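Participant: okay, sequence plus prediction incoming.
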Amino acid sequence: MAEAGSFAEKVKQQADIVRVIGEYVRLKKTGQNFTGLCPFHQEKSPSFAVHPVRQIYHCFGCGVGGDVFKFVMEVDKCTFPEAIRIVAEKCGIAIPRPRERSPEERSENQQRAALVEMHKEAAAFFARQLHEGSEGKVAAAYLEDRGLDRAAMTRFGLGFASSSGDSLLRLLKSKYPEKLLEASGLFSRDQGGRLYDRFRRRIMFPISNESGKVIAFGGRAMGDDMPKYMNSPETPVYSKSTVLYHLDRAKEALRQSDFAILVEGYMDAIAVARAGIANVVASCGTSLADPQIKLLGRFTRRVIVNFDPDTAGQMATERSVTLLLEKEFDVRVLALPGGADPDKFLKEQGAGAYKKLLAQAPPYLDYLIGRARKMDRTTAAGKVAALNFLMPYVQRLPDRLLRSEWATRIASELRVDEPVLREALRRAATERRSEVKPKVELLAPALKPAERQLIRMLIEAEGFREKLAGEIVASGLHRGLESEKILELLISKAGERPDPATLAGDLEEKDRRLLFDVLFETAGEPTWEAAESCLSVLRGRQDGQELEELQKLIEAKSSPEELNRLLTRRLDLQKKLARR
């Protein structure tokens, strides 16, 4: 509590609570107060209010409330003295000389201050190097070829580390002790124990903390050196899991737009920002970590993940989605068409096309269902594998009813018709289990009623057996069915009355079992009306498969003419299926 006459009381009196909280929460003036979404619990309608006259805040949803210090303590998870300092700095209030620190504390503070200053000098040095000497000019030309002009290089502080191995060392060694140089992460030691520049023949991307101070670097190799990208190691001022690239520049845009675009690399972040979309951050080439998510959550709870579409990018997307869901973020996923990363797509298609796709970015489950569709689902075991790919994400949905609704949709989207699988999926979703576990003995291949009737008709229907076989063959309706081998054999014998015992001898055991299972069923006399009904079911299945393939082609669209043709065909199929 701020005591009367204390420095804390002075800060509290001078601080503007709306300004301070506005750096963490997007506030909107409502009458005499300001309102926004509460940062302490998940909500869709704003119940968090700030009273500018009384200098207090209160959430009518979760009940939290207090003064400016209490807010900073809660949101930044800091102590009362730390909250006083943070508020004072934000409001430009001079902080009195602190208490006498221990020698160890003074040494640590001096070291951190010196390291920040060293990185500032290094950033300026690398920026000069980018346009000096033959190597620097080659690096600048490379960046220009990537679409960056000199203004963009200056805006993002890009630089170049030469191949000499000691140019930065020569600049700094007279100003800083060797122990501090080594602690900076800017230098390494050779086998003889001598220091040399860590970054050599690399384009340099300065990495800043939330306050905009350079604390590390990412270096991209110019030649065939490995690794392609090299980041600074952990230091007293840099921990890669607590920093998001470009956050220092994106803060205000994140609050205004109330969503973040999360990309993988420096060039992707720069490309998106240059396209006029400032609310973009990158994970500095590492997997997203809990501290980074917590940091992002101070500005927004909505994220569009736009990682590279390659295998590594897909894995990183799925890991990031998992972590974001655990923290109750609203997550969407943008997978750019043609296998392009954001940098490449923006160069080829422009900012307008990118913004349009951002607006259409599907919820994370739609993206994951699309991934599951590409898995082999021709067998029951394959369908189980596809469902188990999705279940860890479904289980993270906090609402039981929503989990059940998603389970129903997944079953429909993946065309899971087997009652056993549907029930297992429903149970796994409502019980928040991470996998579907149907009884193995119940997953034996099952024939659809239409398949079973057609098998019987191709054996028993003397009057229209050949006509029926011709209809099936003409459209390839038997392709991909569980009974495909049986139907192929029966079609080949359509000119004669097939003998079941002889047929069985020409089939593998699995198909032989299915055939006898059908033949031992009780059924009425075959009619052409019943046959047409079965054929209609198979045609509907075929149309559904074509619709699924069309969707894949639409997602990987090329020319506008081709896209229009695909969309027209999709509409025709949808109408056709609706009439069945």
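Facilitator: Sure thing, it's come through. Only a predicted model underlies this, so the values are computations on that prediction, with no experimental measurement involved. Residues are numbered from 1 along each chain as shown.
Participant: can you tell me the closest non-neighbouring residue to residue 426?
Facilitator: Leaving aside its chain neighbours, residue 426 sits nearest to residue 407 (5.2 Å; criterion: CB to CB, 6 or more residues apart in numbering). Placement of C-beta: from N, CA and C, glycine included.
Participant: where exactly do the strands run in the stretch 151-300 of the chain?
Facilitator: 159-161, 187-189, 195-197, 202-208, 214-221, 229-231, 260-263, 280-282 (DSSP state E, counting those that start in this stretch).
Participant: in the third one, what's buried?
Facilitator: Right, strand 195-197. 195, 197 (16 or more other CB atoms under 10 Å).
Participant: same for that strand, what does it pack against?
Facilitator: For strand 195-197, the elements it packs on are helix 167-172, helix 178-183, strand 187-189, judged by 3 or more CB pairs under 8 Å, 6 or more residues apart in numbering; DSSP states H and E.
Participant: with distance to residue 564 and mean pLDDT added, can I get those in JSON lines?
Facilitator: Below are the helices and strands packed on strand 195-197 laid out as JSON lines (distance: least, CB to CB, whole Å; pLDDT from 0 to 100):
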{"stretch": "helix 167-172", "distance to residue 564": "56", "mean pLDDT": "96"}
{"stretch": "helix 178-183", "distance to residue 564": "61", "mean pLDDT": "95"}
{"stretch": "strand 187-189", "distance to residue 564": "57", "mean pLDDT": "94"}
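Participant: now render the ones you listed as a markdown table, adding mean neighbour count and distance to residue 375.
Facilitator: A markdown table is the format used below for the helices and strands packed on strand 195-197 (neighbours: other CB atoms under 10 Å; distance: least, CB to CB, whole Å):
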| stretch | mean neighbour count | distance to residue 375 |
| --- | --- | --- |
| helix 167-172 | 17 | 50 |
| helix 178-183 | 14 | 49 |
| strand 187-189 | 15 | 45 |
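Participant: now for the ones you listed, which one comes closest to residue 72?
Facilitator: Of all the helices and strands packed on strand 195-197, helix 178-183 sits nearest to residue 72, with 30.2 Å by CB to CB.
Participant: so what touches that closest one?
Facilitator: Residues outside helix 178-183 that contact it (CB atoms under 8 Å, 6 or more residues apart in numbering) are 111, 114, 115, 118, 169, 172, 173, 187, 189, 195, 235, 236.
Participant: pretty sure the first one sits in a helix.
Facilitator: Yes - counting by DSSP: H, G, I helix; E, B strand; the rest coil, residue 111 is part of a helix.
Participant: how about it: what's its closest non-neighbour residue?
Facilitator: residue 236 (6.0 Å).
Participant: need the nearest residue in space to residue 345, chain neighbours excluded.
Facilitator: Nearest one to residue 345, counting by CB to CB, 6+ apart, is residue 336 at 4.8 Å.
Participant: what's the span of stretch 215-227, first residue to last?
Facilitator: 21 Å (CA to CA, to the nearest Å).
Participant: quick one: name whatever helix or strand follows the lowest-mean-pLDDT helix or strand in the chain.
Facilitator: Least confident helix or strand, the chain: helix 419-430 with a mean of 70, by mean pLDDT, DSSP states H and E. Next helix or strand after helix 419-430 toward the C-terminus (DSSP states H and E): helix 449-460.
Participant: in the following helix or strand past that following helix, what counts as buried?
Facilitator: Note on helix 449-460: by DSSP H and E, the next helix or strand toward the C-terminus is helix 465-475. By neighbour count on 16+ other CB under 10 Å, the buried set for helix 465-475 is 465, 468, 469, 471, 472.
Participant: please apply the same query to stretch 67-83.
Facilitator: 67, 68, 69, 70, 71, 72, 73, 75, 83.
Participant: count of neighbours near the closest residue to the first one other than its chain neighbours?
Facilitator: Which is residue 67. Residue nearest to residue 67 in three dimensions, not counting chain neighbours: residue 56, with 5.9 Å by CB to CB, 6+ apart. Residues lying near residue 56 (other CB atoms under 10 Å) number 16.
Participant: same question, the one 10 residues further on
Facilitator: Look at residue 66: counted by other CB under 10 Å, it has 13 neighbours.
Participant: quick one, what contacts it?
Facilitator: Residue 66 touches 56, 57, 74, counting by CB under 8 Å, 6+ apart.
Participant: among these, name the ones in helices.
Facilitator: Using DSSP state H, the subset of the contacts of residue 66 located in helices is residue 74.
Participant: quick check, nearest of the contacts of residue 66 to residue 227?
Facilitator: residue 74 (40.2 Å).
Participant: now do the same for the closest one: its pLDDT.
Facilitator: pLDDT, residue 74: 87.
Participant: shift numbering so it begins at 44
Facilitator: In the new numbering, first residue 44, that becomes residue 117.
Participant: would you mind measuring from it to residue 83?
Facilitator: The gap separating residue 117 from residue 83 is 7 Å, by CB to CB, to the nearest Å.
Participant: what do these two both touch?
Facilitator: Overlap of the contact sets of residue 117 and residue 83 (by CB under 8 Å, 6+ apart) consists of residue 107.
Participant: burial of the nearest residue in space to residue 397 that is not next to it in sequence, as a residue count?
Facilitator: Nearest residue to residue 397, sequence neighbours excluded (CB to CB, 6+ apart): residue 389, at 5.5 Å. Using other CB under 10 Å, residue 389 has 21 other residues around it.
Participant: please apply the same query to residue 551.
Facilitator: Neighbour count of residue 551, defined by other CB under 10 Å: 8.
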